Each structure stands twice: as structure tokens, then as C-alpha cells.
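K.L.:
Take this sequence and fold it.
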Amino acid sequence: MKKLSEKLHHYFFEEERPERVSLANVFALTEERLFGFPLALIAFLSIFAIPGTSFIFGIAMLSITLQLCLGQSKPWVPQKVLKTSFPLPQIQRFMGYLIPWLKRIEKITKPRLTPICHSLPGRIILGIILSAMALLVILPIPGANTVPAIAIFFSALGLQENDGVLSLLGVAIALVFIGILISLIWTGSNVFQFIHQYF
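P.N.:
Below is the predicted model of the structure:
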């Protein structure tokens, strides 16, 4: 089976394409593994997003991760969204950034710990953790959107490539980030109580 990067490169740079390409055309390249790629694609967009757009990408990711929590085999995407199209040159520019990253990651990916990606409990747990990350992307916290998007990106690529280790890497990033946030909140609360008590 061809790697996703190869499919994308062939589709957008080697074949004749119409002037506009719909999301349905892009998602069709992922075959049966439809959960991972849309989530990875949106997360990648979110990492390099224009300031102020994280809310939109966060909502999009949350809608997919919640479906993982429900144990669905593939996400439901509204037809209106699937019909959304973009000019071919714009998509090619974006793919010019995405494909090199995919190639680097694909060099180390292989089917490992597949129950994490295939089993119902594994997908539900992934869905819960990634939903928490999507919520953090949505919240207007300066500088706190990028790391959750990175965690979602790695876990989603793990789903796409059937690589449980890569998905766990995303989970590890998510848990560390949650731990840091809890520590900061706890420290801030103690500092506030100290100031309130003595001043």
C-alpha cells in the first residue's frame, strides 16, 4: 500500500487536476482509514494557523474526536463541508509544506500496537484525550494552542498509519502538557492565597 505522502504527491503534482479541488477529493485518498487523515490535516493547519483562527480549527477537531469517543469506525462529515473546494495552486502550496513532514514521519512509522488504533477501548481513550486537546485549542489562551495541536497531529497520523506507538507519542505530549497546566494553575492558586493572606 502506498504511503499517504506518495498518494498526495501523485494526486496533486503528477496528475491533471481541475482548477478547484474539494475536501471530498482529498479525503478519498485515505481509503478506509478516514479518521486519521482529516484530523491530522486540520491539526497541521492549526499548528501554522493565522492568529484568531484556532477557534475554528479547534471546533473542527473536537467534532471528529468526539466521534472517536463514541466508537464510530469513521467520522461523519457534513456534505456541505466535503463539497468545500479550494483553488488548486493554493492546495499545492499547502501540500508543499505538509508532504515533506509526512515523508519524515513515515520513515519511522509501521504497524505497531495496532489495538490502540483499531480496538474500541483504544479509540475511545484516544478520543477522550484528543477531545481535551481540541478544547484547549478552542480556548483563547495565548501560546497554549500549538502544543495540543501537535499532540493531535501525531496521534492522528498514528491512526492513519496504524501505528499505536505514534498515537501514544501524541498522548504522551498531551498528558505532559496537561500536567504542566495543572502545575501552573496549582502554583498560581498558592501564590494568590499567599498574597491574599499576608497582604
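K.L.:
Would you mark the buried spots in whichever strand or helix holds residue 64?
P.N.:
Per DSSP states H and E, residue 64 falls inside helix 54-69. Buried residues in helix 54-69, counted by 16 or more other C-beta atoms under 10 Å: 54, 57-58, 60-69. (C-beta placed from N, C-alpha, C; glycine too.)
K.L.:
Closest to residue 111 out of those residues?
P.N.:
Proximity of the buried residues of helix 54-69 to residue 111 (C-beta to C-beta) peaks at residue 68, which lies at 19.1 Å.
K.L.:
got the buried residues for the one helix or strand in the chain whose mean pLDDT sits lowest?
P.N.:
Between all helices and strands in the chain, the lowest mean by mean pLDDT, DSSP states H and E belongs to helix 79-82, at a mean of 73. Buried positions in helix 79-82, judged by neighbour count with 16+ other C-beta under 10 Å: residue 82.
K.L.:
List the residues that contact the nearest residue to residue 57 once chain neighbours are set aside.
P.N.:
Excluding the flanking residues, the one nearest residue 57 by C-beta to C-beta, 6 or more residues apart in numbering is residue 46, at 3.8 Å. By C-beta atoms under 8 Å, 6 or more residues apart in numbering, the contact list for residue 46 reads 53-54, 57-58, 61, 137, 145, 149, 152.
K.L.:
Residue 7 versus residue 46, what's the distance?
P.N.:
Separation of residue 46 from residue 7 (C-beta to C-beta, to the nearest Å) stands at 22 Å.
K.L.:
Please apply the same query to residue 21.
P.N.:
In terms of C-beta to C-beta, residue 21 sits 14 Å off from residue 7.
K.L.:
and if you look at residue 92?
P.N.:
Counting by C-beta to C-beta, the gap from residue 92 to residue 7 is 15 Å.
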